[in-house]
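Chemist: need the 3D shape of this:
(one chain, ligands or ions: 1)
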Amino acid sequence: MFRTERENFRKLNSALEVERGRSKAASERDTETIIELRTALEMEREQQQHFYKQQSAAVMHQKMLGEGMGAIEERPEGCHCYDCSRAPT
Ligand SMILES: [Zn+2]
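Modeler: Here you go, the predicted model:
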């Protein structure tokens, strides 16, 4: 009887250990997925910010050109408007 209980306890313990390892592996996978998603989101956000920066620089540049102070040498940083993309660098 005592021996059987010990045996059962041992089996239960090893089953628990297997389960623990399995859930640890699953949580590591989740963490990896979360990190990958976060990196992708950050990259997307950076690209958006870069895009908005270019857009607002182009708007500012067009405004400067409209006000007659838009020498191409004075273009806002990061502007990729039509005039700037034609300008020699
Ligand atoms: Zn420009």
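
Chemist: and the helix or strand where residue 59 lies, what's its mean pLDDT?
Modeler: In the assignment (DSSP states H and E), residue 59 maps to helix 2-66. Mean pLDDT, helix 2-66: 93.

Chemist: right, and the helix or strand after that helix?
Modeler: helix 82-86.

Chemist: buried sites along that following helix?
Modeler: Of all the residues in helix 82-86, those buried under the rule 16 or more other C-beta atoms under 10 Å are residue 84. The C-beta positions use only the backbone N, C-alpha and C, and glycine is treated the same way.

Chemist: centre of the chain to it, how far?
Modeler: 31 Å (C-alpha atoms, centre = their mean, to the nearest Å).

Chemist: put the alpha carbons of it into CSV.
Modeler: Provided in CSV are the C-alpha atoms of helix 82-86 (Å, rounded to 0.1, in the frame of the first residue of the first chain):
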residue,chain,number,x,y,z
TYR,A,82,8.9,67.6,-56.1
ASP,A,83,11.2,70.6,-56.1
CYS,A,84,13.6,69.1,-53.6
SER,A,85,13.8,65.8,-55.3
ARG,A,86,14.9,67.7,-58.5
